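Colleague: Just need the structure, nothing else, for what follows:
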Amino acid sequence: MSKLAQLRSAALPFVTRAHRGGRLRRYVLLSVLLGILTLVLGAWVSFGSGPFEAEIRRGFGLEESRWLREQQEFVIVVDSREEFAQMSAQAASLPYDHHSMDWNRPKDAYDDAVRFVTQATWTDAPRGAYALRDRAANLLSSHGLSNNPPDPDTYYTYFSWHDQQNVERLEAILAADLTPTVELYRSPLTVVDGIRLTGAIAGGIFSLLLLVIAPLLVGTQMAQEVHENTLMPLTGTALRTRELILGMAAGALSIVGILAAPQALILLATVAAAGYLLPALGGIAVAVVGCFFLSMLGQLLGYALGSQRTPGVLGMGLLAFFGFIGMIGAAFGLAPHKQTIGVFALLPEAATTHLFRSSLLPHELFFNNWRLAHQADFAIAVGTVGIGLLGLLGLRALERRVGRTGGSALTRSEALLGAFVTTVLVILANPARNASYTPIEASFLITLALLSVPFAIFLMMRAPFAQHGAERKPLPVVALLSELALWAGLHGVITLAALGRPELIAAVHPMVFAYLGWYLLVLGLLSLRVVARPMGIGARVWVAFSALFAMFAFPHMAAWMRPWGHHGAADALLFLQVSPFLGFVQAVLLVLIPWTLWRSLRRAA
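Modeller: Residues are numbered from 1 along each chain as shown. I've put the predicted structure just below:
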C-alpha cells in the first residue's frame, strides 16, 4: 500500500467523524451560501451608491475623495434625485445677484471658481501657459467680473502654474463657463473593477479560512482529545503515530476545505477574467504551506496546554493568536515598503495577501522596479520553503511526543536545522538591514530578541521526556546550553554575512559578549525550568520576573556597542546611573537569577 493510500485510510475515520449525521450536507450548504454571499458582497461594494459602500471604497483607496473630485472636475455630486433637481435649478440661475443673502452649493462653487480664475490671471505663467491665462482673463471679462487681484486679507486662493492639478482644475472651470455641473452620485468602478474587488474578497476569505480557522480547529481538536484523555487510547490502535496526527488534522481540515473550495473557484475565475493567474496560484500554494505549518503549531499548543486548560479557553486563545498574526500579515501585504519586503518570508499571511492583490491589480503593483519585485519574490520563495521545513519539524516533534519515542521531541540536528531556518527568516524580515543607523546594533540585537522565542521553544523540545516502559533521563543542562550557544553563534555568523562586513566582530567590546553570554544562560535556564518539573505560583512569578529582567541585557549590549572610548563605568550597570542602591540590586540579580534557576534544575535532576 502506498503512503498516500495509508494516509487516506488513516484520515477516513476522522473525516467520517467530522461529517457524521447531517453535518456534511450542512457544511456543503454553508459553503454554497458563503460563495453566494461573496458574489453579492462584491457586487454591492463595487456598484452600490450608498454612503456606506462609498466609504468602504474610499477606505481601500478604490475611490477618490468626493471633495477632491468636486474641486478637480468642477462638479457638484448629490445623493438623491430630489437634491439633483434642486441643485440643477440653482446652478441654472448662475450668475446670481450678489445682493442676495441666500447660500447654496452652486453659489459657493461659483464664488470659489471666480477667485481661483482671478488668482490664475495674476500669477506669473510660464511661456507655454500664456494662452490658458488669456482664456481665463477673457472669461472674467465676458462675465463682467473684476480682474483685480484678490485681497489676501479677506480670502487667499492658492494657484501655481507648475501644479498640474491646479492647471487641470482651471481648464475644467473654463470649460464649464463658471457654472458647475450637477451629477447624481454613482459608483466610479467599472465592471472589471467589480470583478477584481469580488476576487479580492474571495481571496481574503480563503486566506482567513486556511491561515486562521484551519489551525484553530486543528489545535482545538487536539486539545479536546488531550483534555478528555481520548488521545492515548488512539495510540493503541493499528494506526502509526504520524498517521494518527495527520488523520486528526485531516478531519478538521476537511471542513475548511469544503468552505474554502468555492472561494478558490471565485478567486481563480476573477483572476482569469481580469488579472494575472500565476501570482494567484502562488498565493494559493503559499496559503496551503502556511496552513500546514500553522496547523502543526496549533496541534503542538493543543497537546502542550490541553491538559491544563479547557478546549474552549484554549480555542479563544488560539483564535486571538492566529487572528492577531493574520491581521498583522494582511497589513504588511496590503501596504508593503522596501524595508519590509522581508516580512513576506516570515509571515505567510503577508505573502498570500501580496500575491492575491498583485494578481488582481496588475496595473497597481506595489513595486515600480524589478529589483524590489525580485526581492519580494525571493523572500516569498525562501519563506515558503522555510515554513514548510518548520512544519515538518513540528510534525516530527509531535509524533515523538504523542508516541513517547525518541527520548526528546527533536534531535540535535533537527533543532539545529530549525534554528538555522528561523534565523534566516528573521534576518530576511528584519527591516533594520536597510536602515541608516548602526547596522550591527540594529540587525544583531533586534533579530536576537525576535529569535529568543523560537530558540527557547527548540530548547524545550530538546529536553528529554519519559518513554514507554522507561524512566525519564536526567536533564543534560550543560549540553543543552551548549546547543543554545551554538545557535546564537550561527545567528551571529549569518547576521555578519548578511551585512557583508565580517570584520565588525573585531570591533565589538568584550562587555557585549559578557552580557550576551549572561542573557543566553538565563534564556536557556528559563526554558529548561519550564519543562523540568511543574511550577507553583511562587516559581511562576520568579520565572516571569527573571524573563523580564533578562530583557535589560539588550540596552546594556547596545550601550557597549558604541565606539571604543565612549564608555564609562556606569555603563556596566545602567541602574547605577539612577541610584547606587538600584545598581547594587542589579548586581545582585545578575548573580541571583542564574544561580536560583540552576539550583532548581539540579533539584529536578
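
Colleague: Going by C-alpha atoms from here, please, whenever you check contacts or count neighbours.
Modeller: Will do.

Colleague: Nearest residue to residue 401 in space, please, no chain neighbours.
Modeller: Distance criterion C-alpha to C-alpha, 6 or more residues apart in numbering; nearest residue to residue 401, sequence neighbours excluded, is residue 409 at 5.8 Å.

Colleague: before we move on, what about residue 318?
Modeller: The shortest distance from residue 318 to any non-neighbouring residue, by C-alpha to C-alpha, 6+ apart, is to residue 216 (5.9 Å).

Colleague: Likewise for residue 126?
Modeller: residue 161 (7.2 Å).

Colleague: ok, now which ones touch the one you found?
Modeller: If you count contacts by C-alpha atoms under 8 Å, 6 or more residues apart in numbering, residue 161 has them with 120, 123-126, 129, 167.

Colleague: Quick one: neighbours of the residue nearest to residue 318, just the number.
Modeller: Counted with other C-alpha atoms under 10 Å, the neighbours of residue 216 add up to 29.

Colleague: Just the C-alphas of the strand or helix carrying it, formatted as PDB.
Modeller: Element membership for residue 216 (DSSP states H and E) is helix 214-227. Provided in PDB are the C-alpha atoms of helix 214-227 (Å, rounded to 0.1, in the frame of the first residue of the first chain):
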ATOM      1  CA  ALA A 214      -7.900  25.800  10.000                       C
ATOM      2  CA  PRO A 215      -5.100  25.900  12.700                       C
ATOM      3  CA  LEU A 216      -7.800  27.000  15.200                       C
ATOM      4  CA  LEU A 217      -9.900  23.900  14.500                       C
ATOM      5  CA  VAL A 218      -6.900  21.600  14.400                       C
ATOM      6  CA  GLY A 219      -5.400  22.900  17.600                       C
ATOM      7  CA  THR A 220      -8.800  22.800  19.400                       C
ATOM      8  CA  GLN A 221      -9.400  19.200  18.400                       C
ATOM      9  CA  MET A 222      -6.000  18.100  19.700                       C
ATOM     10  CA  ALA A 223      -6.700  20.000  23.000                       C
ATOM     11  CA  GLN A 224     -10.100  18.300  23.300                       C
ATOM     12  CA  GLU A 225      -8.500  14.800  22.800                       C
ATOM     13  CA  VAL A 226      -5.900  15.500  25.400                       C
ATOM     14  CA  HIS A 227      -8.300  17.100  27.800                       C
END
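
Colleague: Could you name the helices and strands sitting against that helix?
Modeller: helix 241-274, helix 277-305, helix 311-334 (3 or more C-alpha pairs under 8 Å, 6 or more residues apart in numbering; DSSP states H and E).

Colleague: One more pass at 10 Å, please.
Modeller: helix 231-235, helix 241-274, helix 277-305, helix 311-334 (3 or more C-alpha pairs under 10 Å, 6 or more residues apart in numbering; DSSP states H and E).

Colleague: Quick one: mean pLDDT over it.
Modeller: For helix 214-227, mean pLDDT rounds to 91.

Colleague: Can you mark which positions in that helix are buried?
Modeller: Using 16 or more other C-alpha atoms under 10 Å as the test for burial, helix 214-227 gives 214-227.

Colleague: do the same with stretch 183-194
Modeller: Within stretch 183-194, the residues scored as buried using 16+ other C-alpha under 10 Å are 183, 185, 188-189, 193-194.

Colleague: Kindly reformat those as TSV containing secondary structure and pLDDT.
Modeller: TSV is the format used below for the buried residues of stretch 183-194 (DSSP: H, G, I helix; E, B strand; the rest coil; pLDDT from 0 to 100):
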residue	secondary structure	pLDDT
183	strand	87
185	coil	87
188	coil	86
189	coil	87
193	helix	86
194	helix	90
